[in-house]
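Novice: Sequence and predicted structure, then a few things I'm wondering about:
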Amino acid sequence: MKKRILSIFLVVVMLSTMIPVLSISSFGLTSGDFEYEILDDGTVEITKYRGSASYLVVTEKIGRYIVSSLGESSFRDCKTLIEVIISDGIYEIGNSAFRNCASLESVIIPNSITSIGGYAFFDCISLLNVAIPNNIKTISTHAFCGCTSLTSVELGESVTEIYSYAFDYCISLSNITIPNSMEKIGAEAFKNCISLTDVEFLGSKEQWSGIEIKGGNGCL
C-alpha cells in the first residue's frame, strides 16, 4: 500500500514539473537560436532570432521544414548582426524584420524574395548597399527609412512602385537608377536624401511622361 501511495506521489510531482514546460512551448517552436511556427501550407515562418552572431546565414530549412518567410520583427534590434545572407527559397521579409539592426552593413536578398514589408530595414544605420531582386514589384513604406549610411541601391527590373517614405533620411544615397518597369513613386519617397544628385530614368521620355510622381518636400 505504501509503495502504491509513493508511486502516485511521484507521478503527481512529475506532472507538476512538466506543466511549465508545456505552457512555454505553446508559444512557439524552437530550433537553435530560432523561434518559428508552422504555417497552414506546411512551411515555416521564423518568428524570432535570439542569437548573437555577427555573420549569419538564414538557411532554407529548419529540420525537415522549408522556411518560407521571415516574420514581423523577427530580427529586430539584433545589435550584433553585421552581414546576413538569406538563402534562396525564402520568399518574404516581414514588416520591421530587421528594424534597428544598427550594426548591419550587408544583406544578401535572394531572387526568391517577392515581398519586403514596411519598415523592414528601418534605422539600419550601418547598411551600405542593397540590391532589390527582380521578383519584387513594390518597395514598401519606410522600408529603408533612416538607413543613413546607404550609398547604393540597385532596383530590380520588375519594381513598379516605390511607396511613400521608402528611402526617407537615406542621407548618403547619391545616385539611383529607376527601371523602366516603374509606374508610381509615392509622396516623399526620397525625402531628406540630401546627397541624391544623380537620378537616371531608364526607358523613353514618352514612358516617363506618364509616371505618377507625387509631390512633397522630397528630393525626387
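Specialist: Arrived safely, thanks for sending.
Novice: Can you show me the helices along the chain?
Specialist: Here the chain has its helices, by DSSP state H, at 2-25, 205-209.
Novice: in the sheet, who's paired with residue 62?
Specialist: Counting by DSSP bridges, residue 62 forms beta bridges with residue 65.
Novice: Now for it, how many residues are close by?
Specialist: Per other CB atoms under 10 Å, the neighbour tally for residue 62 reads 19. Quick note: C-beta positions are derived from backbone N, CA and C, even for glycine.
Novice: Start the count at 722 instead of 1 going forward.
Specialist: Let's use 722 as the start, then, which means that last one is residue 783.
Novice: who's in contact with it?
Specialist: Contacts were defined as CB atoms under 8 Å, 6 or more residues apart in numbering; by that measure residue 783 touches 752, 755, 757, 765, 767.
Novice: ranking those by neighbours, who comes first?
Specialist: For these, neighbours tallied by other CB under 10 Å; top is residue 765, 25 neighbours.
Novice: isn't that residue right up against residue 786?
Specialist: Yes - counting by CB atoms under 8 Å, residue 786 is a contact partner of residue 765 at 4.3 Å.
Novice: what sits in contact with each of the two?
Specialist: Contact criterion CB under 8 Å, 6+ apart; residues shared by residue 765 and residue 786: 757, 759.
Novice: end to end, how far does stretch 844-861 reach?
Specialist: Using CA to CA, to the nearest Å, the end-to-end distance of stretch 844-861 comes to 15 Å.
Novice: tell me the contacts of residue 811?
Specialist: Residues in contact with residue 811 (CB under 8 Å, 6+ apart) are 779, 781, 788-791, 831, 833-834.
Novice: what's the nearest residue to residue 776 if we skip its chain neighbours?
Specialist: Once flanking residues are discounted, residue 776 sits nearest to residue 804: 4.8 Å by CB to CB, 6 or more residues apart in numbering.
Novice: contacting residues for the one you found?
Specialist: By CB under 8 Å, 6+ apart, residue 804 lies in contact with 775-777, 825-828.
Novice: Scan the residues you listed and report the most crowded one.
Specialist: Within these, most neighbours by other CB under 10 Å means residue 825, with 26 neighbours.
Novice: My guess is it contacts residue 806. True?
Specialist: No - Residue 825 is beyond contact range of residue 806, at 12.0 Å (criterion: CB under 8 Å).
Novice: what's near enough to touch residue 919?
Specialist: By CB under 8 Å, 6+ apart, residue 919 lies in contact with 895-897.
Novice: Could you export the residues you listed as JSON lines, including pLDDT and neighbour count?
Specialist: JSON lines is the format used below for these (pLDDT from 0 to 100; neighbours: other CB atoms under 10 Å):
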{"residue": "895", "pLDDT": "93", "neighbour count": "15"}
{"residue": "896", "pLDDT": "89", "neighbour count": "13"}
{"residue": "897", "pLDDT": "91", "neighbour count": "20"}
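Novice: Show me which of these is closest to residue 879.
Specialist: Comparing the contacts of residue 919 against residue 879 with CB to CB picks out residue 897 as the nearest, at 16.2 Å.
Novice: hang on, the earlier thing: out of the helices of the chain, which gets the lowest mean score?
Specialist: When the helices of the chain are ranked by mean pLDDT, helix 723-746 comes last with a mean of 38.
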